[in-house]
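*Asks:* I'll drop the sequence and a predicted model, then ask my questions.
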Amino acid sequence: GENVEQHPSTLSVQEGDSAVIKCTYSDSASNYFPWYKQELGKGPQLIIDIRSNVGEKKDQRIAVTLNKTAKHFSLHITETQPEDSAVYFCAAGRSSGGYQKVTFGIGTKLQVIP
Amino acid sequence: GAGVSQSPSNKVTEKGKDVELRCDPISGHTALYWYRQSLGQGLEFLIYFQGNSAPDKSGLPSDRFSAERTGGSVSTLTIQRTQQEDSAVYLCASSRDGKNQPQHFGDGTRLSIL
C-alpha cells in the first residue's frame, strides 16, 4: 500500500518568515495530493491540492510543488502569520476500486512566533 | 447542510460498553469516509461508503468495529465492547463522489474509554 512520510514533525518560525513542509510517497500510481490544516479541536480543513499533471500551484501565500519523478511534494507558506499556527497534513491519493483512496502523513505542528 | 456534522463531539464511556458515533455528511455528497486519529498521529482510514454500500472496509481494526449508512446520507460507526486502545478522535469526511473530489471533514468525536 501507499506510504507517506512527512517532515519535519514540528516547525517554529518567526512571524513573516516562510515555512516549508516536505512529504514523500511510495506509490507511483498516486495522482492527487491534498494538504490539510487542523486547528485544535477541529477537523482537518483542505487548504490546497495538486494533481499529478501539474508541477506547482499557488493560492495567495500558499504554494505546493510536486516532483513526480522523485515522488515528493512540498507545501510553502510565505509571510507567515500567527493564525497559520496549526497541524498540517499532507496526503497522497489514487483511484482504487472505483474510488479515491487517500493516505495521510503524520502531520507537522507549525508554530508561528509573533 | 453547511458542512459535515458529527455527534457527539465528546464521548466518555467505560471499558466494555458499546458506543455509536454519528456522521451527517454534506447534502448531496455520495461518498463518505471514516478515519481514526490517535493522539499525535495521522489519520488512519477505517471505511468508505459510496451511497449505502461499503466497498472498502479494509481499515476496520477488528470485528468489534462496524458501520452502516442508510438512505445514502447519515452514517453510524459502532464500536462494541470498547477497549482503552479505542480512545481516539473519530473523524468523518464526505465528498461529492468517490472518484476525484476533495474530502471535507467534520470536527470529529473525541472518544475516551475509562
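*Replies:* That came through, no problem.

*Asks:* List the buried residues for the helix or strand bottoming out on mean pLDDT in chain B?
*Replies:* Least confident element among the helices and strands of chain B, by mean pLDDT, DSSP states H and E: strand B:53-56 (a mean of 82). Residues B:Ala54, B:Asp56 are the ones in strand B:53-56 that count as buried (16 or more other CB atoms under 10 Å in any protein chain shown). Heads up, the C-betas are built off the backbone N, CA and C, glycines and all.

*Asks:* swap in stretch B:96-110?
*Replies:* Buried, per 16+ other CB under 10 Å, within stretch B:96-110: B:Gly98, B:Pro102, B:Gln103, B:His104, B:Phe105, B:Gly106, B:Asp107, B:Gly108, B:Thr109, B:Arg110.

*Asks:* and whichever strand in chain A runs longest, what other elements does it pack with?
*Replies:* Identified as the longest strand of chain A according to DSSP state E is strand A:86-96. If contacts are counted by 3 or more CB pairs under 8 Å, 6 or more residues apart in numbering or on different chains; DSSP states H and E, strand A:86-96 sits against strand A:4-7, strand A:19-25, strand A:32-38, strand A:72-77, strand A:99-104, strand A:108-113.

*Asks:* how does it look with 6 Å?
*Replies:* strand A:19-25, strand A:32-38, strand A:99-104, strand A:108-113 (3 or more CB pairs under 6 Å, 6 or more residues apart in numbering or on different chains; DSSP states H and E).

*Asks:* sorry, back to before: and the buried residues of stretch B:96-110 as TSV, adding pLDDT, distance to A:Ile62 and secondary structure?
*Replies:* Below are these laid out as TSV (pLDDT from 0 to 100; distance: CB to CB, whole Å; DSSP: H, G, I helix; E, B strand; the rest coil):
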residue	pLDDT	distance to A:Ile62	secondary structure
B:Gly98	70	26	coil
B:Pro102	89	15	coil
B:Gln103	92	18	coil
B:His104	95	18	strand
B:Phe105	97	18	strand
B:Gly106	97	23	coil
B:Asp107	97	22	coil
B:Gly108	97	24	coil
B:Thr109	98	29	strand
B:Arg110	97	28	strand
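
*Asks:* wait, which of those residues is closest to A:Pro44?
*Replies:* B:Phe105 (4.9 Å; CB to CB).
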